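Q: Please find the sequence and the predicted model below.
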Amino acid sequence: MDLDREALLKLYNTMTVIRHFEERGIPETGQRGMSASVHSSAGQEAVPVGVCANLSDEDYIGSTHRGHGHCIAKGVDVKQMMAELFGRATGPNKGKGGSMHISDMSKGMLGTNGVVGASIPLALGAALTSKVKGLNRVAVAFFGDGASSQGVLHESMNLASIWKLPVIFLCENNGYAMSTPSEYGVSTTHISDRAQGYDMPGVLVDGMDVFAVYDAAAQAVARARSGEGPTLVECQTYRYYGHTVFDNPLTYRSKEEEDHWRARDPLNHFRTVVIPQGEITAAELDQLDADAEALMEEAVKFADESPLPKPEELYDDVYVDYPKDMMKRGVNMSI
Amino acid sequence: MDLDREALLKLYNTMTVIRHFEERGIPETGQRGMSASVHSSAGQEAVPVGVCANLSDEDYIGSTHRGHGHCIAKGVDVKQMMAELFGRATGPNKGKGGSMHISDMSKGMLGTNGVVGASIPLALGAALTSKVKGLNRVAVAFFGDGASSQGVLHESMNLASIWKLPVIFLCENNGYAMSTPSEYGVSTTHISDRAQGYDMPGVLVDGMDVFAVYDAAAQAVARARSGEGPTLVECQTYRYYGHTVFDNPLTYRSKEEEDHWRARDPLNHFRTVVIPQGEITAAELDQLDADAEALMEEAVKFADESPLPKPEELYDDVYVDYPKDMMKRGVNMSI
Amino acid sequence: MTTTMQPTGTREIQFREAINECLRQEMELDENVIIMGEEIAGGAGRQDQGVEDAWGGPFRTTVGLIQQFGKERVLDTPLSEAAFIGAAIGASSTGLRAVAELMFIDFIGVCMDQLINNAAKMRYMFGGQVKVPFTMMTRIGAGFGAAAQHSESYYSIFSHIPGLKGVCPSDAYTAKGLLAASIRDDDPVVFFEHKGLYGISGPVPEEPYVLPLGKARTVREGTDITLVGISKMTWTAFAAAEELAKEGINCEVIDLLSVSPIDYDHINESVQKTHRLIVVDEDTPVCSMASEICSRVAEEVFDYLDAPPSRVTAPHTPVPYSRAMENEYMPNETRIIATVNKLMGR
Amino acid sequence: MTTTMQPTGTREIQFREAINECLRQEMELDENVIIMGEEIAGGAGRQDQGVEDAWGGPFRTTVGLIQQFGKERVLDTPLSEAAFIGAAIGASSTGLRAVAELMFIDFIGVCMDQLINNAAKMRYMFGGQVKVPFTMMTRIGAGFGAAAQHSESYYSIFSHIPGLKGVCPSDAYTAKGLLAASIRDDDPVVFFEHKGLYGISGPVPEEPYVLPLGKARTVREGTDITLVGISKMTWTAFAAAEELAKEGINCEVIDLLSVSPIDYDHINESVQKTHRLIVVDEDTPVCSMASEICSRVAEEVFDYLDAPPSRVTAPHTPVPYSRAMENEYMPNETRIIATVNKLMGR
Ligand SMILES: Cc1ncc(C[n+]2csc(CCOP(=O)(O)OP(=O)(O)O)c2C)c(N)n1
Ligand SMILES: Cc1ncc(C[n+]2csc(CCOP(=O)(O)OP(=O)(O)O)c2C)c(N)n1
Ligand SMILES: [Mg+2]
Ligand SMILES: [Mg+2]
């Protein structure tokens, strides 16, 4: 770990912004009747933050349905994200995507994704672009423990390995796919062990410890950038809330289990490690928390004051070039 | 190995029938203008024969595009198979399937299959039937080295492992997927090593040695029958001819390589092991070869003399129950 | 009016409950019926710890099944649609009647091969040697702010595939009867549940019953124009018809129910009476169920048509997230009424 | 008649060579163009041992590319369609123009998700932030005794999906021009090559050129009836038209070329002249391109139609292996002629 004061503050700041986004933004979205498919990553902040601290805007990430943290860690504007969740025209996706499709190409953020596993080959493709064009960029494919059972992951690991693509397979193992425990759904003790079958390193990391994640990612990124190929990193983490707001997780996991993980909270853990070192004070971190809270206030206000997309924007952005009348022709649209 | 004289003769007989079927049936099919999608398994005989010697008609196999050997080893009638290749009504599939879809449900033969990897879950399903109904049957999913890169294999191995299904994943690694060498397409030295990632045994076997295959399969079958779950078996083998008749394999592999493998011919190997033991004579085996040759003569004759399907049979067997007029209604068919 | 297609009795239950009741009864009646899918029960592997039915199905259509039938017949699966749907097809071709659930039709692309190359074709390729009594339950429908990957209604793709059957129940009664028919049928059937119907109640007989696959029903008789609705759109068409009745236009509303085979005799008979046709289809328009029905009617009862066979569908765009656009995307009463008026020359 | 859609010059090359030439020229013109697929070259990883182009593409459409452009831009893939087609989509959204080949359209079910949920929807879901200049080349067509899993022509499924474009060239000239257009286009395009066309030669200019996506062409002018052909069926329709001319029936034959968007203006104009329409489509009928075109024409130029818009397609069955049945499966001249005669009232 080679992090200076500023970098450390940034880690914490990003984590607390994610936490506040999840805890404020999701209920606010629900209150506006748009909660159908919004997934909280609270509890998992150390993973995207530790990983993305190793990346620049030029690097790419592919994300999941539980992707707010990935977006924020990769630098997507939080106010715009809130606007996207509220279905506003000022969202990065102009209100067309919502929580499960937030993207920001200017930040190398290839989209959260509603189909489990589907974004993995997109990250592969971004890595291929980098390789073919000699850009020295890396791509990170985030996916969950549930996603590890999708065939496309296996195909992608094999392909990345034989082509030595600069890609990192970053598994966020939060123990559950909806209510299905990974010890039921996954036939290996550690997903990271599967790396052996693809001739790549497999690394198991404490996903509640942002420094551990940072270090593991740093190594994988270095390997990727130097042309040695992919790495599989499994981060053991936990989501504090249900799969979506409609899910009560206590129907399938215990309060004790939740308490156990909450006791290892990534923000707290950061504090317990960093404050004793003396360079950063609790007050500074409290201030970052307060700033994050204020930022959410601002974001909610920004989103609420933003215009809704116009109904006729429905027809925009389907194609770069396609006769618009063909999109509505013969189906008796009202506009 | 616990094989008596009769069992040994049966092994050899099945291998020589397969060899003769491939070497006679495929050119004959070609001469009748039906060679578009026919794949020879000559060279690979020891694999299906060694495996299926452990199975009864009640057990199931799922097969591949290169499936004649699987069919014959599982007891499908050779004359009917020839008729199927010739597109005759007397084929097991009534001429509707051809080489890539030969099936015989009465023998537990769930079909050769034209989509690489697609039959793997079918075998899984047959194993599930056995488990749910307590039938004590096993299912073998044959697939190639190329197929090992298909996502569905990964999903199936994981599923079979967590459900402890009585299934054997039987990889026929003949070194190539079309012209793509497995050392390029497969990111692990031994496909069998991937078993570890699915908490199942992985076994590497000399696929030119029918006894080795028999033993490995026996163990996997015993494990499956006793409810312990799946095994991955990789048999290293070789196809003597091109991918199809349209392919000249010398454009991607050397004569030396071919010679090397032909020197390990499974039928010859059988002779070199068994004849010295003294119970079976070369003459007996020669006779089996001659019988196989005669059988092919008969099969070609049977197929040639068999009726073609009637054009209107086109509409049969699509569904068990569907209004036949709906299949041709409004499309101006001539019958 | 096909009266047998209308419910009798007074007990009312929700669409979701009708599905659940059907599954329970079919599993009681036939021990070969099994069901599998993601979160079918939920909390898989934790039964010992008292966890049961953590989800009971994402929309609680499978709740209680695991308690009654055990985990041998009610199987929670990992996120592996190609493997478990393929396995269900394999099981169905070897003696079971497997029901598999694809959580949303939007995910079909990860397992489509098993449907089109195995389920649909095995019987044919095998020359009739096998039956594949497999049912795939899945969910369709937009209108919930779920955006482009959770709102599709791809039934037309399945109707296109020879070897598959498809049904789109529109209420609790048809859900129970058609699901029973699908499970008992010896061919593969895709059963499409519209998310917007789950909470809607209607009369449903308690005892098991079967409605015929391949039959449409008339839910409103009329003389001026035929509206064909699919799934939830039947009721959008119905509501438009009620509105139009006030203006003196008498719409006949047909509930398609079956998307393969399609009950052309029923539709044609209606159009021969009304001389006008509008298909109301929530799916996008190109090569859709709407185009299929309009083209067949145009071909088969051409001389009876007094106006162009028309459609009210979603536009040729993905489903947008923001309600501001999604409301415009959805076929609605206003668009149906305007189209009826156009065809009636008003 | 759109004369620009007809070739000039006298050099004749095969359909397969036209594709190969186009790929070569596009790769020369734009270094962002890469191509990947199974056996695109063949003998992958053995270049050092003198192995080059062991296959050069299963139909030799990609032969020679690896020699010229190297293995960084011409990538042989393992049997992993979901991964490599997804990767091509990802590459296309980050600065490359990736062409990926799906060996046969029959295999689409293993990678469909990447097409429908990523390629087709990314631009929309992202609010226009991204272009996806991705081309998927694939093969269609029955008639070769290749049976149910190697003979499909599923273009209608892709036309149904908003966000995708699709083209079905019918000869060497349109193959080269439309493939160039597909590659240069900033949207995802599926390029459907009919196996039965590869060996057929026709005039093709040597220099690179582009034909417009979304445009049909008239390949035979006529006054009595409009026949719309798709891919190879254009020539089956053409042959029927020549036959019918001898009997005094004058067919106009339209070569659809583009299956998304569909050139309705062109078709409508023709039907307004001939008053009759038959669509000849090798695909199965339900929710097909044929139903789509018939329904739109019925809706848009209803008053011009003197006979029901009709179709000659494959039946609603899988493709049988034996020629005895496959011959019956295929749309042919006899069936077209009989249908024309029926519509002409003869
Ligand atoms: C292909 C596919 N199948 C099913 C779903 C429904 N689904 C959405 S999230 C989810 C669980 C994913 O679990 P995991 O990958 O562990 O991610 P987590 O939710 O834990 O972050 C499921 C089953 C989906 N979106 N896509
Ligand atoms: C999903 C899919 N992709 C591609 C093909 C085309 N194809 C047929 S066989 C084959 C190679 C298969 O290799 P392998 O699994 O090693 O079997 P082998 O031919 O060596 O027996 C390919 C690429 C196919 N049939 N299915
Ligand atoms: Mg998880
Ligand atoms: Mg092989």
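A: Now that the structure is in, tell me what you want to look at. Ligands and ions are numbered 1, 2, ... in the order given.

Q: So A:Val233 belongs to a strand, correct?
A: Yes. Assessed with DSSP: H, G, I helix; E, B strand; the rest coil, A:Val233 lies in a strand.

Q: Surely A:Tyr184 is in contact with B:Ser161?
A: No. Using CB atoms under 8 Å, A:Tyr184 is not in contact with B:Ser161, being 11.3 Å away. Where you see a C-beta, it was placed from the backbone N, CA and C, and this is true even at glycine.

Q: Looking at those two, which is more packed in?
A: B:Ser161 (21 against 18; other CB atoms under 10 Å in any protein chain shown).

Q: Tell me if that one really is in a helix.
A: Yes. The assignment for B:Ser161 (three-state DSSP) places it in a helix.

Q: How confident was the prediction at it?
A: On the pLDDT scale, B:Ser161 is placed at 98.

Q: Break down the stretch 151-300 of chain C into its helices, ranges please.
A: C:155-160, C:172-184, C:233-246, C:264-274, C:289-300 (DSSP state H, counting those that start in this stretch).

Q: Tell me what C:Val253 is bridged to.
A: For C:Val253, the beta-bridge partners are C:Arg220, C:Leu227 (DSSP bridges).

Q: And it, how far from C:Thr234?
A: Distance, C:Val253 to C:Thr234, by CB to CB, to the nearest Å: 7 Å.

Q: Against C:Val259, how distant is the closest residue to C:Cys168 other than its chain neighbours?
A: Leaving aside its sequence neighbours, C:Cys168 sits nearest to C:Ser231 (CB to CB, 6 or more residues apart in numbering or on different chains; 4.1 Å). Counting by CB to CB, the separation of C:Ser231 from C:Val259 is 9 Å.

Q: C:Val253 and C:Thr234 - which one has more neighbours?
A: Neighbour count, other CB under 10 Å: between C:Val253 and C:Thr234, C:Thr234 has more, with 29 against 26.

Q: Could you list the low-confidence segments of the chain?
A: The chain I'm using is chain A. Low-confidence regions of chain A, defined by pLDDT under 70, span residues A:1.

Q: think we crossed wires, I meant chain C
A: Along chain C, segments meeting pLDDT under 70 span C:1-3.

Q: now with 90?
A: C:1-6, C:8-9, C:47-48, C:346 (pLDDT under 90).

Q: Quick one: residues contacting the residue lying closest to C:Tyr154 once chain neighbours are set aside.
A: Distances taken as CB to CB, 6+ apart place C:Ile105 nearest to C:Tyr154, at 5.1 Å, with adjacent residues excluded. Shown in contact with C:Ile105 (CB atoms under 8 Å, 6 or more residues apart in numbering or on different chains): C:Thr138, C:Arg139, C:Ile140, C:Glu152, C:Ser153, C:Tyr154, C:Tyr155, C:Phe192.

Q: Out of those, which sit inside strands?
A: Counting by DSSP state E, the contacts of C:Ile105 place C:Thr138, C:Arg139, C:Ile140, C:Phe192 in strands.

Q: how near is the nearest residue to the third one once chain neighbours are set aside to A:Ile335?
A: Counting by CB to CB, 6+ apart, C:Ile140 lies nearest to C:Ser153, which is 4.1 Å off, once chain neighbours are set aside. Distance, C:Ser153 to A:Ile335, using CB to CB: 21 Å.

Q: Which one's more surrounded, the two?
A: C:Ser153 (27 against 10).

Q: that older thread, determine the residues that are contacts of both of C:Ser231 and C:Val259.
A: C:Cys168, C:Phe192.

Q: For the residue most central in space within chain C, which residues are in contact?
A: Centroid-nearest residue in chain C: C:Cys168, 1.9 Å away (criterion: CA atoms, centre = their mean). By CB under 8 Å, 6+ apart, the contact set of C:Cys168 is C:Ile140, C:Tyr155, C:Phe192, C:His194, C:Ile230, C:Ser231, C:Leu256, C:Leu257, C:Ser258, C:Val259.

Q: Give me the neighbour count for the fourth one.
A: What it means is C:His194. With other CB under 10 Å as criterion, C:His194 counts 25.

Q: And for the fifth one?
A: For C:Ile230, the count of nearby residues is 32 (other CB under 10 Å).

Q: nearest residue to it other than its sequence neighbours?
A: C:Leu256 (4.8 Å).

Q: hmm, back to that, looking at the helices of the stretch 151-300 of chain C, which is closest to chain B?
A: helix C:289-300 (5.4 Å; CB to the nearest CB).

Q: Run the angle between the closest one and helix D:289-300 for me.
A: 70 degrees (axes from the mean of the first three to the mean of the last three CA atoms, to 10 degrees).

Q: what packs against helix C:289-300?
A: Judged by 3 or more CB pairs under 8 Å, 6 or more residues apart in numbering or on different chains; DSSP states H and E, helix C:289-300 is in contact with helix C:155-160, helix C:264-274, strand C:277-281, strand C:310-313, helix D:289-300, strand D:310-313.

Q: For those, give me TSV that also has mean neighbour count.
A: Below are the helices and strands packed on helix C:289-300 laid out as TSV (neighbours: other CB atoms under 10 Å in any protein chain shown):
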stretch	mean neighbour count
helix C:155-160	26
helix C:264-274	20
strand C:277-281	30
strand C:310-313	27
helix D:289-300	28
strand D:310-313	27
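
Q: tally of neighbours for residue 93?
A: Just going to use chain A. A count of neighbours around A:Asn93, defined by other CB under 10 Å, yields 29.

Q: oops, chain C please
A: 30.

Q: can you tell me how far it sits from chain A?
A: Note on C:Ser93: its distance to chain A, by CB to the nearest CB, to the nearest Å, is 21 Å.

Q: residues in contact with C:Ser322?
A: So C:Ser322 contacts A:Gly87, A:Arg88, A:Ala89, A:Gly95, A:Lys96, A:Gly98, A:Leu308, A:Pro309, C:Gly145 (CB under 8 Å, 6+ apart).

Q: farthest pair in those residues?
A: Greatest spatial distance in the contacts of C:Ser322: A:Ala89 and C:Gly145, 15.3 Å, computed using CB to CB.

Q: So if I had to pick from those two, which one is more boxed in?
A: Between A:Ala89 and C:Gly145, C:Gly145 has the larger neighbour count (other CB under 10 Å), namely 24 against 20.

Q: Figure out the helix or strand that the more buried one lives in.
A: Assigned by DSSP states H and E, C:Gly145 belongs to no helix or strand.

Q: shouldn't it be in contact with A:Phe86?
A: No. Counting by CB under 8 Å, C:Gly145 does not reach A:Phe86; the two are 10.5 Å apart.

Q: Need the overlap of contacts for the two.
A: Between them, C:Gly145 and A:Phe86 share these contacting residues under CB under 8 Å, 6+ apart: A:Met34.

Q: residues touching residue 55, list them.
A: The chain I'm using is chain A. Shown in contact with A:Leu55 (CB under 8 Å, 6+ apart): A:Ile61, A:Lys74, A:Gly108, A:Val138, A:Val140, A:Val221.

Q: let's do chain C instead
A: C:Trp55 neighbours (CB under 8 Å, 6+ apart): A:Met178, A:Ser179, A:Asp247, A:Thr251, C:Glu39, C:Ala41, C:Gly42, C:Gly43.

Q: Quick check: nearest residue in space to it, chain neighbours excluded?
A: Going by CB to CB, 6+ apart, C:Trp55 has C:Gly42 as its nearest residue, at 3.4 Å.
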